[in-house]
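Asker: Let's see this in three dimensions:
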Amino acid sequence: MKTALPMFRAVVVATLLAAPAAAMADCAPLLDKKFSTLDGKPFDFCALQGKAVLVVNTASRCGFTPQFEKLEGMYRRYKDRGLVVVGFPSNDFRQELDSNKAVGDFCRSTYGVEFPMIEKTSVTGDGANPLFRQLAQASQEAPRWNFHKYLIAPDGKTVYSFQTQVEPDSAAVMSKLEPMLKK
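Answerer: Residues are numbered from 1 along each chain as shown. Prediction:
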C-alpha cells in the first residue's frame, strides 16, 4: 500500500502538468495566436475557440469608418450568443492614426467601441501579421482596403470573407453568422 500512494501522486502531478498542454492542443491552428490590445493587454485568440469571430481590419480616417457603429451594435447584440468582433487597426492603406492610444481614444469616443481592438498591425502583403496571412490563404482573399471582414466559424477552421463594401450586418454576413450563434 505504501508504494501505491507515491504512484498515485505521480499520476496526479503528471495529469495536472499535462492539462495546460492538452488545452493548447485543442486550439485550432488558425486561432493559435497571441496579440496585444491597443492598451497593451495580452489577447490570446485560443480563448475564442468555440465562438464565431468577426475579424475586421480598421482605419480611423477611412470613408468606411462608420461601419464601427454597426460592428459595435453586432458585438453588443450577439456577444452573449457567442459572437466576438475583433478589430485590427492598420495603416496599410495610409488612413490610420499615428498611435495605438489615438486609435483607442478615437474608437471609444466617436463610436463607443467596446469590442477588442488589437494594436496597430499590417494586414496585407509580406508584412501581414500571421492571422491575416492565414485568413487570406483560407479564404483566397486578402484585404484590398480597410474594413475587410473575415468571419471565423466556431470550429476555428471555416472562414468566410467579405469585402469592404459589405456592411457588417448585411444579409450576406448574417446568413453565415446566424447559424453559428447560440440560441
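Asker: C-alpha from now on. contacts and neighbour counts both.
Answerer: Noted.
Asker: where in the chain is pLDDT low?
Answerer: Confidence mapping of the chain against pLDDT under 70 gives the ranges 1-25.
Asker: what bridges to the residue most central in space within it?
Answerer: Residue closest to the average C-alpha location in the chain (C-alpha atoms, centre = their mean): residue 86, at 4.3 Å. Counting by DSSP bridges, residue 86 forms beta bridges with residue 55.
Asker: What's the separation between it and residue 173?
Answerer: 15 Å (C-alpha to C-alpha, to the nearest Å).
Asker: number of nearby residues for the residue lying closest to residue 122 once chain neighbours are set aside?
Answerer: Spatially, and ignoring its direct neighbours in sequence, residue 122 is nearest to residue 128 (4.6 Å; C-alpha to C-alpha, 6 or more residues apart in numbering). Per other C-alpha atoms under 10 Å, the neighbour tally for residue 128 reads 17.
Asker: Confirm that residue 128 lies within a strand, as I assumed.
Answerer: No. Counting by DSSP: H, G, I helix; E, B strand; the rest coil, one finds residue 128 to be coil, located in no strand.
Asker: isn't it right next to residue 121, touching?
Answerer: Yes. Counting by C-alpha atoms under 8 Å, residue 128 does reach residue 121; the two are 7.5 Å apart.
Asker: residue contacts, residue 81?
Answerer: For residue 81, the contact set (C-alpha atoms under 8 Å, 6 or more residues apart in numbering) comprises 181, 182, 183.
Asker: Which one (most neighbours) among the residues you listed?
Answerer: residue 181 (17 neighbours).
Asker: Over to residue 160. Which of the three states is it?
Answerer: Three-state call for residue 160 (three-state DSSP): strand.
Asker: Any figure for the gap between residue 33 and residue 27?
Answerer: 10 Å.
Asker: Look at those two and report which has more neighbours.
Answerer: residue 27 (19 against 16).
Asker: right, and that one touches residue 50 too?
Answerer: No. Counting by C-alpha under 8 Å, residue 50 is not a contact partner of residue 27; they are 9.5 Å apart.
Asker: Thanks a lot, see you next time.
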